[in-house]
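K.L.:
sequence and predicted structure are below.
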Amino acid sequence: MTKTSKPLVLVALLTASFVINLDTTLVNVALPTLTRELGASTAQLQWVVDAYNLVFAALLLTSGSLSDRFGRKGMLMAGLLVFGVASFVGGYAGSPAELIAARAAMGLGAAMTFPATLSLLTGVFTGRKERALSIGLWGATAGVAIALGPIVGGFLLAHYSWSSVFYVLGPVSLAVVALVAMFVPAARNPVRHRLDFLGLVLSGAFMALLVYTIIEAPNRGWASTTTLAGFAGSVVLLAAFVAGERRTDQPMLDVRLFKDMRFSAASASVTIAFFTLFGFIFLMTQFFQFVRAYSPLSTGVHLLPVAVSVAIGSTLGTRLAVRVGTKAIVTAGLALQAGFYFWVATDISPTLGYGIIAVQMVVYGLGMGLTSAPATESIMGAVAADQAGVGSAVNDSTRLLGGTLGVAVIGSVYASLYDTRLDATLPAALPPTLTDLAHQSVGAAFGIADQLTAHGQSTTAEVVRQAATGAFDHGLSIGCVVAGVVAVAGALLAAAFLPAHPEPKHLTTESADTTSKQKDPVR
């Protein structure tokens with residue numbers, strides 16, 4: 001491949017990754033509108049989000065393995081097509097059930113698309129330095145897309161109907177398909193592997209059950225019989241998957257990879273990084289929208305420091321990892337994330353100046369970028385070229401699991417503490433129906449305060465507002481402490497187990513890389 005064509009390949013693959021990541025937060029800003037327009041209940045709104053995540057998680061490993069077998073470029077284009085068509089159809093939904101079905105189909109398209117973007121990148125950019133740079137840009141694209149989702153969604157909702165949030169992804173996906181078709185090279189893998197049907201089924205069942213259990217745990221209780229049974233079932237399915245993969249001579253995933261710390265420790269680091277990322281989004285979007293009363297569009301704009309700093313951290317992180325070592329950079333990144341959370345926990349307040357908040361977000365964004373991109377580069381360097389698709393899927397699965405856990409765990413901690421503090425501070429004279437409503441969210445409590453003010457009960461309204469603000473700050477602070485402790489644990493894990501300078505499994509030197517790319521075609 002000529003040097004002049006590589007930038008075009010990079011643009012096509014990064015654009016595909018951008019579209020999938022954009023949807024992560026793009027749809028969330030439309031949820032309140034869906035309640036008004038479609039009459040969606042809280043449970044239905046949850047499944048508008050979770051149907052996508054559940055199918056995405058369940059089919060990641062399957063899609064990655066199939067792309068290794070049948071071709072990554074074809075899988076990528078098919079996935080983008082499914083994703084775009086399902087999104088466009090979702091815009092025509094006339095009921096919550098129809099929209100949930102469309103979101104599930106979008107999850108299928110995302111699962112087919114996302115692993116292929118990374119595996120194709122590592123197949124084209126085979127030298128350590130250029131691979132590190134391309135993965136850094138891939139990570140930067142993800143961070144920017146997640147942060148830009150609320151901005152794009154807020155703009156569309158301000159000018160058009162909720163359907164526009166779904167319509168826009170259809171033509172964009174088709175345009176990316178055209179880019180991939182024109183610029184991304186394709187070649188057949190000369191080695192044909194037999195499909196591991198048992199591995200495909202068990203991996204999908206394990207991921208589906210685990211993610212479903214995590215999603216439902218905050219509602220059912222983390223110690224409930226159903227939740228514990230879900231986790232136990234996940235362990236059984238995982239054990240069966242590992243046993244099956246060890247027995248077969250052509251496994252979909254060589255589980256012995258997890259003995260390699262550059263793979264397993266890096267995977268753990270990615271999980272923890274996305275635990276903190278989605279915990280951050282969960283907490284800060286509520287802070288901006290409820291406490292600071294920003295619109296969805298304004299919230300997205302105020303989150304831009306995170307997007308910019310994640311992009312900078314990702315591109316610098318992989319380059320520094322080549323020079324200084326992966327261990328040092330990933331550890332430093334997780335330490336920065338921990339520092340952010342402890343800083344926020346000590347001084348967050350409704351009147352805190354945005355300048356300080358922006359600096360805090362820069363610290364977090366740099367830490368996120370320094371962690372996720374170098375760890376991803378370590379993961380991809382540990383897998384053989386013919387398993388890059390499933391290796392990429394493992395990386396993507398850790399991201400999704402970490403994010404889902406982040407929202408579930410931090411959300412549960414916040415909600416529990418918010419309820420407890422609110423019980424102690426709400427005025428006793430408040431009617432039980434209003435008290436129950438205030439417990440639903442800080443936004444609902446502020447709505448009650450506005451209603452009381454409109455009916456001339458300004459004193460009671462101020463007490464309710466102060467009680468809700470104090471309860472929110474308390475839950476937010478302790479939630480930040482939990483996230484900070486998890487980040488500290490991740491930093492210690494990386495410092496103890498992540499190799500300083502992991503040598504790629506199938507690549508040794510820059511010159512060997514140049515030779516091997518003639519032998520390992522991109523699929």
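P.N.:
On my side now, so go ahead. The shown structure was predicted, so the numbers you read here are calculated from the model rather than taken from an experiment.

K.L.:
only C-alpha atoms from now on, for both contacts and neighbour counts.
P.N.:
Noted.

K.L.:
show me where pLDDT drops low in the protein?
P.N.:
1-4, 41-43, 187-194, 386, 501-523 (pLDDT under 70).

K.L.:
what are the ranges of the strands in it?
P.N.:
Assigned by DSSP state E, the strands in the chain number zero.

K.L.:
mind checking the longest helix of it?
P.N.:
helix 458-497 (DSSP state H).

K.L.:
what separates that helix from the chain centre, distance-wise?
P.N.:
20 Å (C-alpha atoms, centre = their mean, to the nearest Å).

K.L.:
give me the buried positions along it.
P.N.:
460-462, 464-491, 493-495 (16 or more other C-alpha atoms under 10 Å).

K.L.:
one more: stretch 214-231?
P.N.:
214-218, 222, 227, 230-231.

K.L.:
could you tell me the end-to-end distance of that stretch?
P.N.:
9 Å (C-alpha to C-alpha, to the nearest Å).

K.L.:
please enumerate residues in contact with it?
P.N.:
50, 209-210, 213, 404-405, 408-409, 411-412 (C-alpha atoms under 8 Å, 6 or more residues apart in numbering).

K.L.:
just checking, Y52 touches M106?
P.N.:
Yes. If you go by C-alpha atoms under 8 Å, Y52 and M106 touch, sitting 6.3 Å apart.

K.L.:
okay, these two: which has more neighbours?
P.N.:
More crowded of Y52 and M106, by other C-alpha atoms under 10 Å: M106, with 30 against 24.

K.L.:
how about the more buried one: what's its closest non-neighbour residue?
P.N.:
The shortest distance from M106 to any non-neighbouring residue, by C-alpha to C-alpha, 6 or more residues apart in numbering, is to F83 (4.6 Å).

K.L.:
likewise F125?
P.N.:
Nearest non-adjacent residue to F125 (C-alpha to C-alpha, 6+ apart): R131, at 4.9 Å.

K.L.:
for A265, see how far away the one you found is.
P.N.:
20 Å.

K.L.:
thinking again about what came up before, might you report the residue contacts of the residue nearest to F125?
P.N.:
By C-alpha under 8 Å, 6+ apart, R131 lies in contact with 121-122, 125, 377.

K.L.:
tell me the one of the residues you listed nearest D436?
P.N.:
Using C-alpha to C-alpha, E377 is the member of the contacts of R131 that sits closest to D436, with 48.2 Å.

K.L.:
can you pull the contacts of the residue nearest to A265 when sequence neighbours are not counted?
P.N.:
If you skip the residues right next to it in sequence, A265 has L498 as its closest partner in space, 5.5 Å away by C-alpha to C-alpha, 6+ apart. Applying C-alpha under 8 Å, 6+ apart, we find L498 in contact with 261-262, 265-266, 326-327.

K.L.:
among the residues you listed, which are in helices?
P.N.:
Counting by DSSP H, the part of the contacts of L498 found in helices is 261-262, 265-266, 326-327.

K.L.:
make JSON lines out of those residues and add neighbour count and distance to A445.
P.N.:
Below are the ones in helices among the contacts of L498 laid out as JSON lines (neighbours: other C-alpha atoms under 10 Å; distance: C-alpha to C-alpha, whole Å):
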{"residue": "M261", "neighbour count": "20", "distance to A445": "48"}
{"residue": "R262", "neighbour count": "29", "distance to A445": "47"}
{"residue": "A265", "neighbour count": "25", "distance to A445": "43"}
{"residue": "A266", "neighbour count": "31", "distance to A445": "42"}
{"residue": "T326", "neighbour count": "30", "distance to A445": "46"}
{"residue": "K327", "neighbour count": "28", "distance to A445": "45"}
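
K.L.:
want to try a markdown table for the residues you listed, with distance to P115 as columns?
P.N.:
As requested, these are exported to a markdown table (distance: C-alpha to C-alpha, whole Å):
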| residue | distance to P115 |
| --- | --- |
| M261 | 21 |
| R262 | 19 |
| A265 | 20 |
| A266 | 17 |
| T326 | 22 |
| K327 | 24 |
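
K.L.:
ok, so of the residues you listed, who is nearest P150?
P.N.:
A266 (29.3 Å).

K.L.:
nearest residue to that closest one other than its sequence neighbours?
P.N.:
Per C-alpha to C-alpha, 6+ apart, closest to A266 is A375, 4.8 Å.

K.L.:
tally of neighbours for the one you found?
P.N.:
Based on other C-alpha under 10 Å, the number of other residues close to A375 is 33.

K.L.:
got the contact list for T420?
P.N.:
A471.

K.L.:
what about stretch 36-44, start to end distance?
P.N.:
13 Å.

K.L.:
could you find the closest non-adjacent residue to V488?
P.N.:
A338 (5.8 Å).

K.L.:
contacting residues around the residue nearest to M106?
P.N.:
F83 neighbours (C-alpha under 8 Å, 6+ apart): 105-110, 170, 173.

K.L.:
out of these, grab the one that's most surrounded.
P.N.:
Using other C-alpha under 10 Å as the neighbour test, the contacts of F83 are led by A110, with 32 neighbours.

K.L.:
from what I can see it touches F56, true?
P.N.:
Yes. With contact defined as C-alpha under 8 Å, A110 reaches F56; the gap is 6.2 Å.

K.L.:
how many neighbours does E98 have?
P.N.:
With other C-alpha under 10 Å as criterion, E98 counts 15.

K.L.:
rewinding a little: check the gap between the residue nearest to M106 and T248 for me.
P.N.:
F83 is 33 Å from T248, by C-alpha to C-alpha.

K.L.:
just A268 next, same as before
P.N.:
26 Å.

K.L.:
the more surrounded of these two?
P.N.:
A268 (20 against 13).
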